[in-house]
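Novice: fold the following and give me the result.
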Amino acid sequence: MALPEHILLLYGYLLLFAWVLVEQLGIPLPATPVLLAAGALSAEHELSFAFAFLAGLAASLLADTAWFLIGRRYGHHVLRVLCKLSLEPTTCVRRTQNSFGRRREVTLMIAKFVPGLATLAPPVAGQNGMDFRRFLIFDAIGAAAWVGALLTVGRFFGDLLQRNPSLLEWVGRFSGALLILGILGFFVGRVVRRRMVIKKLVAARLEPEELKRQLDAGEEVFIVDLRHPLELASDPFTLPGALHFSPETLAERHHEIPRDRDIVLFCSCPNEATAAKTAMTLHKLGIERIRPLRGGYDEWKRLGFPVDAVASALPVAD
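Specialist: Predicted coordinates for the structure are as follows:
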């Protein structure tokens, strides 16, 4: 018998609920194999498809509601924590904010199917003041589609096994090992990608104290604020003289970037991930003096260094 099926038979809907809840709370423990196994067991009438669906949906909504309320209270700080838990912080915050900024309801309905977006969408919705009832409706649609799709796929393969019993012995012999190898590969791949980004970042980043000395000495420094407009709305301050650009727009307008001085990039994401990724893009475009700011905006502010107010009446470069 397949490993997740064996566990599900022992602990049933409680395990299904707990596993989905843990994944949706941000712990990178994939719930997909358990939902697929539950769907397969429903074909054999070992589990009820309807009860499994309700357990998965309830767990997802409970976790999403918690993150919505936390995001409403703590804003972008909780996004930093979630990105660290995801093991793939490079683009998770900005991708979620960009998607949510363009189409809130659609983002909530598809979030469960997009890696890294599922856990981040609810706190972003809370951070940006979305009405709770509206959030709950569209989040429930997305969660129901996700749980229902995985259970249905599992049910389909369960029906195949019933029609061809010889497949059951093969699946039971190898699926446990394949599941373990798949989970290990999932973690190893993400950790390796994260280490590569961090290694490149450490080699190029600039200490806040060094930037402060450059500014005090009157040196010409081109400072770019890469934070998302949603972050500026909740904390409308930036480094002295900084210009605000999205990473995409900065790359498109790279010919306007001066080549005779340091280009300092900063964000407020874990490990300066957005700044590091943008720096690598600009290097490929022939700009050499790129320096991500260590700790980004949060570290600069923590050290008590001066900041400039972002005037809401002024257009933001984009």
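Novice: could you measure from the nearest residue to residue 294 once chain neighbours are set aside over to residue 275?
Specialist: Nearest non-adjacent residue to residue 294, counting by C-beta to C-beta, 6 or more residues apart in numbering: residue 205, 4.6 Å away. All C-beta atoms are positioned from the backbone trio N, CA, C, and that covers glycine. Applying C-beta to C-beta, to the nearest Å, the value for residue 205 to residue 275 is 8 Å.
Novice: try residue 147
Specialist: Distance of residue 147 to residue 275, given as C-beta to C-beta: 37 Å.
Novice: the more surrounded of the two?
Specialist: A count of neighbours by other C-beta atoms under 10 Å puts residue 275 above the other of residue 147 and residue 275, at 31 against 26.
Novice: may I ask which helix or strand encompasses residue 248?
Specialist: helix 247-252 (DSSP states H and E).
Novice: quick one: mean pLDDT for that helix?
Specialist: The average pLDDT for helix 247-252 rounds to 84.
Novice: below-threshold pLDDT in the stretch 151-300 of the chain: ranges please.
Specialist: Judged by pLDDT under 70, the stretch 151-300 of the chain has its weakly predicted residues at 158-183, 186, 189-190, 193-204, 269-273, 284.
Novice: poorly predicted segments of the stretch 1-150 of the chain, please.
Specialist: Filtered on pLDDT under 70, the stretch 1-150 of the chain yields the residue ranges 1-11, 75-102, 115-116.
Novice: would you list every one of the helices in it?
Specialist: 3-24, 32-43, 49-74, 76-86, 92-102, 104-110, 121-127, 132-163 (DSSP state H, counting those that start in this stretch).
Novice: who are the contact partners of the residue nearest to residue 294?
Specialist: Residue 205 sits next to 272, 276, 291-294 when contact means C-beta atoms under 8 Å, 6 or more residues apart in numbering.
Novice: then residue 32?
Specialist: residue 150.
Novice: could you measure from it over to residue 154?
Specialist: 10 Å.
Novice: what's the answer for residue 191, then?
Specialist: Distance, residue 191 to residue 154, by C-beta to C-beta: 29 Å.
Novice: just residue 51 next, same as before
Specialist: Taking C-beta to C-beta, one finds residue 51 at 14 Å from residue 154.
Novice: who's more crowded, those two?
Specialist: It is residue 154, of residue 51 and residue 154, that has more neighbours when counted by other C-beta under 10 Å, with 26 against 14.
Novice: nearest spatial neighbour of the more buried one, skipping sequence neighbours?
Specialist: Using C-beta to C-beta, 6+ apart and skipping residues adjacent in sequence, the residue nearest residue 154 is residue 39, 2.3 Å away.
Novice: same check, this time on residue 254
Specialist: Excluding its sequence neighbours, the residue lying closest to residue 254 (C-beta to C-beta, 6+ apart) is residue 285, at 4.7 Å.
Novice: would you confirm that that neighbour contacts residue 251?
Specialist: Yes. The criterion here is C-beta atoms under 8 Å, and residue 285 meets it with residue 251 at 6.8 Å.
Novice: neighbour count: these two, which is higher?
Specialist: More crowded of residue 285 and residue 251, by other C-beta under 10 Å: residue 251, with 16 against 11.
Novice: and the more buried one, what does it touch?
Specialist: Contact partners of residue 251, counting by C-beta under 8 Å, 6+ apart, are 278, 281-282, 285.
Novice: likewise residue 25?
Specialist: Residue 25 touches 63, 66-67, 119, counting by C-beta under 8 Å, 6+ apart.
Novice: 7 Å - rerun?
Specialist: By C-beta atoms under 7 Å, 6 or more residues apart in numbering, the residues touching residue 25 are residue 63.
Novice: same deal with the one 4 residues further on?
Specialist: The contact partners of residue 29, taken as C-beta under 7 Å, 6+ apart, are 22-23.
Novice: how about it, phi and psi?
Specialist: Dihedral pair for residue 29: phi -120, psi 100, per degrees, to the nearest 10.
Novice: got it, and residue 266?
Specialist: With angles defined as degrees, to the nearest 10, residue 266 sits at phi -140, psi 150.
Novice: and the one 10 residues further on, by the same measure?
Specialist: The phi and psi values for residue 276, taken as degrees, to the nearest 10, are phi -70, psi -40.
Novice: now residue 294
Specialist: Dihedral angles of residue 294 (phi, psi; degrees, to the nearest 10) stand at phi -60, psi 130.
Novice: make sure it is actually in contact with residue 209.
Specialist: No. Under the criterion of C-beta atoms under 7 Å, residue 294 lies out of contact with residue 209, with a separation of 9.5 Å.
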